[in-house]
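*Asks:* Build me a structure from this.
(4 chains)
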2 protein chains.
Amino acid sequence: MATRKTRPTLADVAARAGMSKTAVSMVLNDRPGSRLSADAADRIRAAAAELGYRPNPAAQSLRLGKTRTIGFVSDRVTVTRYASGMIRGALETARAHGHTVLMAETSGDENLLGEAVQSMIDRRVDGLLVGLMNARLIQLPPVPRDLPVVIVNGRTSENHPSVVPAERAAGGTMARLLSDAGHRHIALIGPIPKVLDDPAESVSIGERFRGIDAAFAEAGVHPIVYEVDGWSPAIGYETTLRAMTAHPEITAILVGNDNMAFGAYQALSELGLRVPADVSVASFDDEELAEYLRPGLTTSRLPYPEMAALSVEMLLEIRERGHESVAMPTVVRASVAPPRAS
Amino acid sequence: MATRKTRPTLADVAARAGMSKTAVSMVLNDRPGSRLSADAADRIRAAAAELGYRPNPAAQSLRLGKTRTIGFVSDRVTVTRYASGMIRGALETARAHGHTVLMAETSGDENLLGEAVQSMIDRRVDGLLVGLMNARLIQLPPVPRDLPVVIVNGRTSENHPSVVPAERAAGGTMARLLSDAGHRHIALIGPIPKVLDDPAESVSIGERFRGIDAAFAEAGVHPIVYEVDGWSPAIGYETTLRAMTAHPEITAILVGNDNMAFGAYQALSELGLRVPADVSVASFDDEELAEYLRPGLTTSRLPYPEMAALSVEMLLEIRERGHESVAMPTVVRASVAPPRAS
DNA sequence: CTGAGTTGCTAAATTGATTCAGCACTGCAT
DNA sequence: ATGCAGTGCTGAATCAATTTAGCAACTCAG
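*Replies:* Now for the predicted structure:
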């Protein structure tokens, strides 16, 4: 019943309604210019419904040159849980606007990027989204002039429209969060300048720390800065151990990301220091981890779903294309409190 | 140069090579029956290369009724990082076999499942993958008889081909890992029977615990069982606290999943107990978390990428379709050691 | 009563690829 | 010289939709 021999076509609907294909097409797409009788329109719609007619997108795409499909090419987005929010945002927004999403992943292999992009072009996607795990500067292989491209969480040397997180503002917000709470002896754990200023590594992470520096300067706070080469929990652990040993007066730590903050928690716990009673901790990203930690980690969320959603809307020309940034919301949990009275 | 006014078609290639469209099609697809001169074939290939010809998949699909596209519909797979390995496996295997992947996500909404499946059917995908976050039993909306379907990490009441993790074997392996290390006083933290036996919740998780029970029974170990309602770190934390307080003789804990194990670590740390010197911990899933914990958590990995890869191969008829299970590899880290001499 | 305008509808072309049927030519045996 | 098979190639149909151009039939003004 539900499964017929072959799926019904426009011609089948026309035959059943006793009308021409033209009429059916016009009614089902309700074209403005068509002047068909209400009776005919009803018959056509009824016939279509009875047959369970669904237009063949291949035929439509052939005729119209549109596929109602957007391509999503990412580097390692599916590998990391938190960035997979990007996929979710893209999928959801595309669906809301009647588009489907063709996915490909390059696993960070530059050759595969070319191959994936070519495969999207071959399949005549209406738009191409390139999603990056880190907000890097990349080189995109040439694409047809008529194919819109938006970079999610990154930039290209060819200066395609792009969406990145508003890192500078987020840095300022998190720094003020600590200084406003009354902290004066604050450790800052961030990357070494090499990482900070290498656009192949990240175009936006530098902004994060410039925002922090500016806010601390304005608040008259001189953070004790630790520059580290990496982002892992192990590094957060070691650095926190070093920091608290050398500077027991520290009452708050602003950490470059949640992973390092996780390490910081472990170090503080081993030192017998309580979060936030003895030491407040704040960081960036809002990984799933941040919620699991005890107490919950106050952090600035990387807005992956929102960035992807905005990018899709730019692709579909619902929003104007350009270089946009999306605010990073502060997720307040329990890891920040005023400093212990000293 | 790279971007022409309109993309070259088969007819353009034919004109440039001075041959018919038929000839071009035959050469480029090197059909067995075609008897074209080597010279003609060379000219055609040269013309195609010069023009950068790429066949229009919409036209091919219209003619052939094949799209070389598979649909991947998931419930909440992108939401959780560890299950996103499923996406990776599907993408990679599909690509290896010249297929692209159309994605949709339902966010667990049953209505959206129907809508997503319909949208895949409309787009005439060659096969449909349905990926589930938990290995649940679901009801799939009717699909055309000629559309192959494979369920990744789940089952359907209609008994579609499916791939699930080999939970029973994994349960046995992890139980033996602890008993073989010499542990006799072992806590087992697992779900309450309601969760265990509800196929709408999971069809395979019950096997996990039956495997554990069987292996412990064979080893003559009588675990101290805690049945909990949920899987969160908070539950792992509380249960561990209760267990170690009531039974200080416990030297090992087998935890239902990594999230609860994370909570167990926190509880043990607060109790002043060291992992693995005082208490060994082992669990299931291998989330990113498991690697971050100090010491690294020994756990049985849910083989998402492998399950997805196998499913794609079943879809494309590279492997026979049926009900398959994929082994869960034991990821040995540092959280298991022999019990302290008592 | 005639010509123009409106209404309601349709035939046929178009999109880009694949494929069936068959044409023109050569070489060979009869 | 004639029939036949094999070789190398092509015209036209086909897939399922959209769209242009235009055909009848009717209304209405002059």
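*Asks:* Need phi/psi at A:Ser119.
*Replies:* phi -70, psi -30 (degrees, to the nearest 10).
*Asks:* measure it to DNA strand D for me?
*Replies:* 22 Å (CB to the nearest atom of the strand, to the nearest Å). Glycine gets a C-beta too; all of them are placed from N, C-alpha and C.
*Asks:* Surely that residue touches B:Gly98?
*Replies:* No. Counting by CB atoms under 8 Å, A:Ser119 does not reach B:Gly98; the two are 9.3 Å apart.
*Asks:* In terms of neighbours, single out the busier of those two.
*Replies:* A:Ser119 (20 against 9; other CB atoms under 10 Å in any protein chain shown).
*Asks:* all helices for chain A, in order.
*Replies:* Along chain A, counting by DSSP state H, helices occupy A:10-17, A:21-28, A:38-51, A:57-64, A:84-96, A:110-122, A:167-180, A:193-196, A:205-219, A:233-246, A:258-270, A:288-292, A:304-315.
*Asks:* buried sites along the third one?
*Replies:* Taking 16 or more other CB atoms under 10 Å in any protein chain shown as the neighbour-count basis, helix A:38-51 is seen to contain the buried residues A:Ala40, A:Ala41, A:Arg43, A:Ile44, A:Arg45, A:Ala47, A:Ala48, A:Leu51.
*Asks:* when you scan it, is anything in it near chain B?
*Replies:* No. Applying CB under 8 Å from any CB of the partner chain, one finds helix A:38-51 separated from chain B by no less than 13.6 Å.
*Asks:* Say whether DNA strand D is contacted by that helix.
*Replies:* No. Helix A:38-51 lies out of reach of DNA strand D by CB under 7 Å from any atom of the strand, never closer than 10.1 Å.
*Asks:* Quick check: which helices or strands does that helix pack against?
*Replies:* Contact analysis of helix A:38-51 by 3 or more CB pairs under 8 Å, 6 or more residues apart in numbering or on different chains; DSSP states H and E lists helix A:10-17, helix A:21-28 as its packing neighbours.
*Asks:* Adding mean pLDDT, write the ones you listed out as TSV.
*Replies:* Formatted as TSV, the helices and strands packed on helix A:38-51 follow (pLDDT from 0 to 100):
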stretch	mean pLDDT
helix A:10-17	94
helix A:21-28	94
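*Asks:* Skip the chain neighbours and tell me the closest residue to A:Asp285.
*Replies:* For A:Asp285, ignoring the flanking residues on the chain, the nearest one in space by CB to CB, 6 or more residues apart in numbering or on different chains is A:Asp258 at 4.4 Å.
*Asks:* still on that earlier bit, I'd like the helices of chain A laid out as CSV, including distance to B:Glu201.
*Replies:* Output for the helices of chain A, formatted as CSV (distance: least, CB to CB, whole Å):
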stretch, distance to B:Glu201
helix A:10-17, 43
helix A:21-28, 42
helix A:38-51, 37
helix A:57-64, 36
helix A:84-96, 23
helix A:110-122, 37
helix A:167-180, 39
helix A:193-196, 44
helix A:205-219, 41
helix A:233-246, 32
helix A:258-270, 30
helix A:288-292, 21
helix A:304-315, 27
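*Asks:* Which residues are in contact with A:Lys66?
*Replies:* With contacts defined as CB atoms under 8 Å, 6 or more residues apart in numbering or on different chains, A:Lys66 is in contact with A:Gln60, A:Asp126.
*Asks:* switch to 7 Å and redo it
*Replies:* Counting by CB atoms under 7 Å, 6 or more residues apart in numbering or on different chains, A:Lys66 touches A:Asp126.
*Asks:* How about A:Val143?
*Replies:* Contacts for A:Val143 were tallied using CB under 7 Å, 6+ apart; they are A:Val117, A:Ile121, A:Leu128, A:Val149.
*Asks:* ditto for A:Pro57
*Replies:* Contacts for A:Pro57 (CB under 7 Å, 6+ apart) come out as A:Arg68, B:Asp122, B:Arg123.
*Asks:* biggest strand in chain A, by residue count?
*Replies:* strand A:127-138 (DSSP state E).
*Asks:* Just list what that one packs against, helices and strands only.
*Replies:* Counting contacts by 3 or more CB pairs under 7 Å, 6 or more residues apart in numbering or on different chains; DSSP states H and E, strand A:127-138 packs against strand A:69-74, strand A:149-156, helix A:304-315.
*Asks:* Repeat the analysis, applying 6 Å as the threshold.
*Replies:* Strand A:127-138 sits against strand A:69-74, strand A:149-156, with contacts defined as 3 or more CB pairs under 6 Å, 6 or more residues apart in numbering or on different chains; DSSP states H and E.
*Asks:* Let's have the ones you listed in JSON lines, adding distance to DNA strand D, mean pLDDT and mean neighbour count.
*Replies:* Output for the helices and strands packed on strand A:127-138, formatted as JSON lines (distance: least, CB to the nearest atom of the strand, whole Å; pLDDT from 0 to 100; neighbours: other CB atoms under 10 Å in any protein chain shown):
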{"stretch": "strand A:69-74", "distance to DNA strand D": "16", "mean pLDDT": "95", "mean neighbour count": "26"}
{"stretch": "strand A:149-156", "distance to DNA strand D": "25", "mean pLDDT": "94", "mean neighbour count": "25"}
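*Asks:* Those: which one's closest to DNA strand C?
*Replies:* For these, the distance to DNA strand C is smallest for strand A:69-74, at 16.3 Å, taking CB to the nearest atom of the strand.
*Asks:* neighbouring contacts of the closest one?
*Replies:* The contact list for strand A:69-74 (CB atoms under 6 Å, 6 or more residues apart in numbering or on different chains) reads A:90, A:94, A:99-105, A:116, A:120, A:125-131, A:315.
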